[in-house]
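A.B. asks: Have a look at this prediction, sequence included:
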Amino acid sequence: MGGRKFGLINLALGFVGLFIAGSLSLQHGLNARLPCGPDGGCGEVTNHPLSYVFGIPIANYGVVGYLALIGLTTLDLAYALPVRWAWRLGYVGSVFGVGASVALTLISVLRIHALCLWCIGSAITMCLMLGMFALSSCEAAAPPLGRRVWGLAGVLGLLAVGGLGLVGQQLAGAPMNVEGSRTALAATSNELLIPSDAQQLGDPAPGVWVVVFGDLTCGSCARLLPELRSALRLHPGVRLVFRHHPIRQHPFSKEASIVAETAAPAGRFWDVVYRAFDTGPHTREDIEELATRFGVRAPWDHSPAVRGATSRVERDVTLSDRLGIVSTPTVILVANGIASRFVQPDLVWPTVALPEYARLLPSVAKSARR
């Protein structure tokens, strides 16, 4: 039976890939952020709408794929199977995996404009596995390893599960939203956090404001804002406030914000926001198409409307920098008589339900009478 040495290498690579894909899946499940180098693009890539298929994170499919390759490799090493069908299926699966990895890498670079080091690590692992499958077909025949390979697979599996347990423990204490400076926030007035001309939705007489600093090319923002907006009708007394924090590494994100602000006087701000979320404007032509679609000037125009919009965006950026905000979405809960606080995006409504905030909101019965 051929493919023994390279098959063993492939088995180890399969568990490496399982650890990587499992870590990315844990990031989704725990709403946390993996360490990702100086650019920190992993969360941006993995939370982008393009990183989901049928509503399921692609990382979850990766876990299933690596488990399948591990199983097929183990069967091929352990038994003398007819026509090496396990090896053949594994080879085909690794070809598909490499194709998917290349496609996802191109999407992250060309569409999302961010790099995920963990995703690249998975792509490299999959390419190496394809190489091992190919090389194993060239090895001289060797007897199957039998139960020994199952023991090896068990040891490698325990190492992978143990590693994922450590990753999960670390992520459980590392929220996806990197909070800003609490000291700076404590020194910032509610008037600065919620200027009168900021874009707002919800109860016109709120007791609590949910202030979101977002980027119009941010996949996580594209998921959070619609959820918050749809939940407003279930939470009387709460108002949603959007402030701009275009990430500097995202090309044309500031220009997208300027287009949205330019369209705001005509009541089209949120239309531009959701269009930007859907299309992800990343080129000058995309921005011009966005502006034309909503009947406003491009952000490089020097008209008074564009200058005013630019001023509002830059005001938001100045404040977000002062608050130490480095990622989006960053959410701040504001209420009169209560110190403003950073909250994790997935904990907005549980925090609003706390007694200190709930007392500021109209009761359900009072709301029903309106």
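C.D. replies: Looks like it came in fine. Numbering: from 1, shown residues only.

A.B. asks: and after the host helix or strand of Q169, which helix or strand comes next?
C.D. replies: If you go by DSSP states H and E, Q169 is part of helix 147-172. As assigned by DSSP H and E, the chain's next helix or strand after helix 147-172 is helix 182-186.

A.B. asks: send the alpha carbons of the helix or strand that that following helix is followed by over as CSV?
C.D. replies: Next along the chain after helix 182-186, taking DSSP H and E as the criterion, comes helix 190-193. The C-alpha coordinates for helix 190-193 follow below in CSV (Å, rounded to 0.1, in the frame of the first residue of the first chain):
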residue,chain,number,x,y,z
ASN,A,190,-23.7,63.5,26.2
GLU,A,191,-24.0,66.5,23.9
LEU,A,192,-20.7,65.5,22.2
LEU,A,193,-21.7,61.9,21.9
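
A.B. asks: okay, now D321: neighbour count?
C.D. replies: Other residues near D321 come to 13 when the count uses other C-beta atoms under 10 Å. Placement of C-beta: from N, CA and C, glycine included.

A.B. asks: hang on, F242 in a strand?
C.D. replies: Yes. Counting by DSSP: H, G, I helix; E, B strand; the rest coil, F242 is part of a strand.

A.B. asks: Spatially, what comes nearest to it if we skip its sequence neighbours?
C.D. replies: Excluding its sequence neighbours, the residue lying closest to F242 (C-beta to C-beta, 6 or more residues apart in numbering) is Q199, at 4.6 Å.

A.B. asks: same check, this time on K5
C.D. replies: Nearest one to K5, counting by C-beta to C-beta, 6+ apart, is E139 at 6.4 Å.

A.B. asks: gap between that neighbour and M132?
C.D. replies: 10 Å (C-beta to C-beta, to the nearest Å).

A.B. asks: okay, the two: which has more neighbours?
C.D. replies: A count of neighbours by other C-beta under 10 Å puts M132 above the other of E139 and M132, at 24 against 14.

A.B. asks: what's near enough to touch R229?
C.D. replies: Counting by C-beta atoms under 8 Å, 6 or more residues apart in numbering, R229 touches L201, L240.

A.B. asks: In three-state terms, label it for me.
C.D. replies: helix.

A.B. asks: wait, isn't V102 in contact with A123?
C.D. replies: Yes. Using C-beta atoms under 8 Å, V102 and A123 qualify as a contacting pair, with a distance of 7.0 Å.

A.B. asks: more crowded one of these two?
C.D. replies: Taking neighbours as other C-beta under 10 Å, V102 and A123 compare with A123 leading, 21 against 13.

A.B. asks: any idea how far the closest residue to the more buried one other than its chain neighbours lies from Y274?
C.D. replies: Nearest non-adjacent residue to A123, counting by C-beta to C-beta, 6+ apart: S101, 3.6 Å away. With distances taken as C-beta to C-beta, S101 is found 31 Å from Y274.

A.B. asks: now do D76
C.D. replies: Taking C-beta to C-beta as the measure, D76 falls 50 Å from Y274.

A.B. asks: How about V352?
C.D. replies: Noted for V352: a distance of 24 Å to Y274, by C-beta to C-beta.

A.B. asks: In terms of neighbours, single out the busier of those two.
C.D. replies: Using other C-beta under 10 Å as the criterion, V352 and Y274 rank with V352 on top: 22 against 16.

A.B. asks: Show me the domain layout of this protein.
C.D. replies: According to automatic domain parsing, the chain comprises the domains 4-172, 182-369.

A.B. asks: As CSV, those domains with mean pLDDT would be great.
C.D. replies: Converted to CSV, the domains of the chain look like this (pLDDT from 0 to 100):
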stretch, mean pLDDT
domain 4-172, 85
domain 182-369, 90
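
A.B. asks: The residue nearest to K5 and N10 touch, don't they?
C.D. replies: No. If you go by C-beta under 8 Å, E139 and N10 don't touch, sitting 11.7 Å apart.

A.B. asks: can you list residues touching both of these two?
C.D. replies: Residues within reach of E139 and of N10 at once, by C-beta under 8 Å, 6+ apart: there are none.

A.B. asks: What strand or helix carries the residue nearest to A123?
C.D. replies: Counting by DSSP H and E, the element that carries S101 is helix 85-107.

A.B. asks: now for that helix, which elements pack on it?
C.D. replies: Contacts defined by 3 or more C-beta pairs under 8 Å, 6 or more residues apart in numbering; DSSP states H and E place helix 85-107 against helix 58-78, helix 117-136.

A.B. asks: so how far is the longest one off the chain centroid?
C.D. replies: Helix 58-78 has its C-alpha centroid displaced from the chain centroid by 25 Å (C-alpha atoms, centre = their mean, to the nearest Å).

A.B. asks: Any buried residues in that helix, and which?
C.D. replies: 58-63, 65-67, 69-70, 72-78 (16 or more other C-beta atoms under 10 Å).
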